[in-house]
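[1] I'd like to go over a predicted model; first the sequence, then the structure.
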Amino acid sequence: MSEPLIRMDSAALNAFLRSAFPEADAEHMPSVVEVEAGRVLLKLPYLTRQLRPGGVISGPTLMTLADTAAYALVLAHIGEVAMAVTTSLNIHFLRGCQPGDLYAEGTLLKLGRRIATADVLMWTEGRERAAAKATVAYAIP
């Protein structure tokens, strides 16, 4: 099986995400740091508004980053297809996510004609201390 081709690099993905979500504060949006065949790495800058009671990063923040990472991963491989949409997102919270810049590594599990499936690992303290892991499926129009 051959490796999937990259159709959008990090600069193209970041530009697309900013244009697709113009109401979002670009300075505080997740940014695509790395793109390679079957993998992306995103970084979400830390803001205190991401915290939940107890001083850890909230579940909705983690779910949003997981979904964004999967979207970026899919688009990196299929190109600028704005209407690729989430069909499922299953997340496991592994430990309290400590305050700090949040990273998400998306790995492509399967890229089909109609559905793409990805795993997304998230952390602030280091990849070896992952805070959450999600499996996300996207419908491709």
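    Right, received. Where do you want to start? Computed from a predicted structure; not experimentally measured.
[2] Residues touching the host helix or strand of A118, excluding its own?
    Assigned by DSSP states H and E, A118 belongs to strand 115-123. By Cβ atoms under 8 Å, 6 or more residues apart in numbering, the residues outside strand 115-123 that reach it are 62, 65-66, 69-70, 73-74, 77-78, 84, 87, 97, 102-110, 127, 129-140. To be clear about C-beta, it is placed using only N, CA and C from the backbone, and glycine gets the same treatment.
[3] got it, and stretch 54-65?
    Contacts for stretch 54-65 (Cβ under 8 Å, 6+ apart): 30, 42, 44, 50-52, 89, 91, 93, 96-99, 102, 104, 120, 122, 124, 131-132, 134.
[4] Quick one, which of the contacts of strand 115-123 are buried?
    Neighbour counting with 16 or more other Cβ atoms under 10 Å marks 62, 65-66, 69-70, 73-74, 77-78, 84, 97, 102-106, 108, 130-138, 140 as buried within those.
[5] Okay, buried residues for the strand holding A118 please.
    For strand 115-123, by 16+ other Cβ under 10 Å, it's A116, T117, A118, D119, V120, L121, M122, W123.
[6] Quick check: can you name the pairing partners of that strand and their directions?
    strand 102-111 (antiparallel), strand 132-139 (antiparallel) (DSSP bridges).
[7] Run through the residues that contact T68.
    Contact partners of T68, counting by Cβ under 8 Å, 6+ apart, are L17, P30, L42, A104.
[8] distance between the strand or helix carrying T61 and the chain's centre?
    Secondary-structure assignment from DSSP H and E places T61 in helix 59-78. Offset of helix 59-78 from its chain centre (Cα atoms, centre = their mean, to the nearest Å): 3 Å.
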